[in-house]
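**Q** What would the 3D arrangement of this be:
(chains A and B)
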Number of protein chains: 2
Amino acid sequence: MNKKHLDDLITYLKFPSVSTDSRYKADVRECAEWLKTKIIDVGLKASIHETSGHPIVIGRNIHKEGLPTVMIYGHYDVQPADPIDLWNSPPFEPLIEGDKIFARGSTDNKGQNLAHLLGLGEAINEDGELPVNIIFLVEGEEEIGSPNLEPFLKENKDELECDVIAVSDTGMIGPGIGTFTYGLRGVACMEVKVIGPSRDLHSGVFGGSVANPCSAISKLISSLHKLDGSVNVEGFYDKVKDIEDWEKQAWSNIQVDPNETLLLTGSTELFGESGFTDFERRWSRPTAEVNGIGGGYQGEGSKTVIPSESFVKLSFRLVPDQDPDEILNLVKAHLDKVTPDGVRIECEFGHSGKSYLMDPKSDYGLAAQKALKETFNCDPALIREGGSIPIVQTFKDVLNVDTLLLGLALPDCQIHSPNENYSIDNFYDGIRLNRNLIKQIGGLN
Amino acid sequence: MNKKHLDDLITYLKFPSVSTDSRYKADVRECAEWLKTKIIDVGLKASIHETSGHPIVIGRNIHKEGLPTVMIYGHYDVQPADPIDLWNSPPFEPLIEGDKIFARGSTDNKGQNLAHLLGLGEAINEDGELPVNIIFLVEGEEEIGSPNLEPFLKENKDELECDVIAVSDTGMIGPGIGTFTYGLRGVACMEVKVIGPSRDLHSGVFGGSVANPCSAISKLISSLHKLDGSVNVEGFYDKVKDIEDWEKQAWSNIQVDPNETLLLTGSTELFGESGFTDFERRWSRPTAEVNGIGGGYQGEGSKTVIPSESFVKLSFRLVPDQDPDEILNLVKAHLDKVTPDGVRIECEFGHSGKSYLMDPKSDYGLAAQKALKETFNCDPALIREGGSIPIVQTFKDVLNVDTLLLGLALPDCQIHSPNENYSIDNFYDGIRLNRNLIKQIGGLN
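**A** Residues are numbered from 1 along each chain as shown, chains lettered A, B, ... in the order given. Model (predicted):
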């Protein structure tokens, strides 16, 4: 184990590269600049590409005729760190405890994409060259739905032509179990504002006589689910693809603690759509979730007002073959229909991305599974995942290639949550996985 | 009009005496100290009485055998000013525009209680003495339910013995219409926390498999009302007194613009319990209102989490003969019953106070109505009010006297809201009303 690699990771994690919050714009930029320097440092050429948002950083070797071209994709932006007070250590001051490094972005996605970059560096260092043509592309807007990557891919289609893409931004079933993910859920986000009186009202003077936007938003939210846990929006399930029998079989064979989800989430019981297993619900069924709700008095004590407004941030996880725009419009139509008297609503559509599904028995799929077996010394698990990497479907649409998802995230890594962490073993395994992967893909030639 | 009176009001309004928020503790104290100085200034003896919360300020003249004793009650504490960004001028920098003075507390209650004090001062100045024994009592905890006033009244029952109490902390039907309020709604507050997973979760990884505390709280809130707008809590209406026929008649005779509530609130339509008029809903029917709701991501953009917790601040306006503690327990039992699987709830009871109802044809009631007629040159309106001054019922219970509610608040004064304001005419009318009131009550002797 090369201690310098860990120092690089610590440096990378110190940048608070929060893409959704404009206060961190300069930090996102500094993180991109550092990454460019690091790419050059490992022996690739590097460039920064401006977008209307945060920049894209690209590294390349000198491409040779006849070698397969692999794009390795990752993102250097991170989720916001709040609620800050639930972190045991500051989110942008990486802390090593045992086998783990704690920091926002440690697993999602800096720790994983840096492992790939350092793997390439080791290969160049030892072999003098790589067995494949490499395009190492790291963007700064994944956590806000990659709004500028698709235009960038389209504008630079020729230079970005490749045979396959590899991404480590997904999970492992458990420590030491190499995991190949062949499907992802999509996502569609929406913010709904409920507007009632023109100002906050005294709840004594006017209470009982005008609609309350916080009560109204509760009715809207309650209307989104049926009692059986399914989503209560007309047309929501019309295009949902059934789970195939071989998948049901493969997933039911996965050996995990039956209480794992409860242990990981701290929930007292599972709760979801009836008629499906935990894996099926999370990997292959769509959802409607509230990500945030607010309205009225938020401070200490009480303030007896009828608030003038309330808001809810909603997101929907989507599965093949649901279309994000179509789903957002179905939800908006539903909300318009159930809005109670006395208030009006405004819906703002946020970022969205399609779900993804590839054939795990393709040549590149099998090569990836070999690399996983070589790295972890056991047959890899074949799974789908509940999270979304919408850009993976965009890669398919624009570049017409599959994406190999070789996750290095452990179930307890707490991505998007306080105390996000990354296994240092996985960091070094990731470096080896990169080397095995480029060897396997180079060998397909 | 004495310009010095307006200067006193401006000084009084500059203290940010927000009782609910501990950050303002020192400001509340300074406000009490200033008030003590002002009481001495008008010619009364003054004292500050410590409580376990904010102090009580008392002014008295030298009491004479045979004169009726009038307690004038008010409060120098104010509601929080937020949402600050909706104020057109800083809430604690009083601004005069036209006939109005804009500041938090201008109507509720500093402008009104200062008018009484200055009225007493003018009477002492011109007549050398007052026609009644006066106890001028101003507390600093009305906006948080007066937790220390009842114990104070009980401990000092002998010194606070009086024949009647006068309070200006209610509304006028319209400008220039003296208004006698003979009933008030009570209030009971509760905060409910909904607890789900032990931390915020990635909505992709776990979405669909565990309960969402923001969805769950929406179900709880939705369950509080029936479709007809009535409150859906078992036993909630059991003790509600019917509106008397003479009241229905008196209220239906009140001449107001039929669109007044819409104009005042900026709501697009009225919304409430079916089968009751606007006045009946607001003055004599109980409510369940959401004063604040929160949970999950509150910042810019989106954050795709399943939040670990959510909260709602509820308040219930109560009418004779509902009991606040009983109602809070009924609501808690209801919420426990409807809490969805996968989450648990914690209910914390906040401040509460009983409703109030007096006989408007009593001697003191008629004296107050004469003072109103003398001040405003028209027959006063007889109403109940929707707001709560729980201490009024406490006065009845502890001191066994009625309270005369002689409001000086206009319908558009925006109490508890941004841009609270007070009519400067009403300020000077309030000074005259005080002089007429003590004359009328002195005359009952």
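**Q** and the gap between the nearest residue to A:Ser52 once chain neighbours are set aside and B:Pro197?
**A** Nearest residue to A:Ser52, sequence neighbours excluded (C-beta to C-beta, 6 or more residues apart in numbering or on different chains): A:Asn148, at 6.0 Å. Yep, even glycine has a C-beta here, placed from its N, CA and C like the rest. A:Asn148 sits 33 Å away from B:Pro197, going by C-beta to C-beta, to the nearest Å.
**Q** Could you chop chain A up by domain?
**A** According to automatic domain parsing, chain A comprises the domains A:3-184+A:356-443, A:186-245+A:270-353.
**Q** can you redo those domains as a markdown table with mean pLDDT?
**A** Below are the domains of chain A laid out as a markdown table (pLDDT from 0 to 100):
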| stretch | mean pLDDT |
| --- | --- |
| domain A:3-184+A:356-443 | 96 |
| domain A:186-245+A:270-353 | 96 |
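**Q** Which residues of the stretch 301-445 of chain A lie near chain B?
**A** A:301-308, A:310, A:312-313, A:315, A:317, A:340-342, A:344, A:350-351, A:385-388, A:414-419 (C-beta under 8 Å from any C-beta of the partner chain).
**Q** if you set the cut-off to 6 Å instead, what comes out?
**A** Residues of the stretch 301-445 of chain A lying close to chain B (C-beta under 6 Å from any C-beta of the partner chain) are A:301-306, A:313, A:315, A:317, A:341-342, A:350, A:386-388, A:415-418.
**Q** Which ones among those residues map onto strands?
**A** Using DSSP state E, the subset of those located in strands is A:Val305, A:Ile306, A:Lys313, A:Ser315, A:Arg317, A:Gly350.
**Q** In space, what's closest to the last one - neighbours in sequence excluded?
**A** Nearest in space to A:Gly350, with sequence neighbours left out and distances taken as C-beta to C-beta, 6+ apart, is A:Cys189 at 3.3 Å.
**Q** Could you list the paired strands of the helix or strand harbouring that neighbour along with their orientation?
**A** Assigned by DSSP states H and E, A:Cys189 belongs to strand A:186-195. Under the criterion DSSP bridges, strand A:186-195 sits next to strand A:309-318 (antiparallel), strand A:344-353 (antiparallel) in its sheet.
**Q** Can you say which of these is packed in most?
**A** strand A:309-318 (a mean of 26; mean count of other C-beta atoms under 10 Å in any protein chain shown).
**Q** Quick check: what element follows that one along the chain?
**A** helix A:324-338.
**Q** Residues touching that following helix, excluding its own?
**A** Identification of contacts with helix A:324-338 by C-beta atoms under 6 Å, 6 or more residues apart in numbering or on different chains yields A:Gly186, A:Ala188, A:Met190, A:Leu220, A:Ser223, A:Val233, A:Gly235, A:Phe316, A:Cys347, A:Phe349, A:Ser352.
**Q** want to throw those residues into JSON lines with distance to A:Thr261?
**A** Putting the contacts of helix A:324-338 into JSON lines (distance: C-beta to C-beta, whole Å) gives the following:
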{"residue": "A:Gly186", "distance to A:Thr261": "22"}
{"residue": "A:Ala188", "distance to A:Thr261": "24"}
{"residue": "A:Met190", "distance to A:Thr261": "26"}
{"residue": "A:Leu220", "distance to A:Thr261": "28"}
{"residue": "A:Ser223", "distance to A:Thr261": "27"}
{"residue": "A:Val233", "distance to A:Thr261": "25"}
{"residue": "A:Gly235", "distance to A:Thr261": "29"}
{"residue": "A:Phe316", "distance to A:Thr261": "20"}
{"residue": "A:Cys347", "distance to A:Thr261": "32"}
{"residue": "A:Phe349", "distance to A:Thr261": "30"}
{"residue": "A:Ser352", "distance to A:Thr261": "26"}
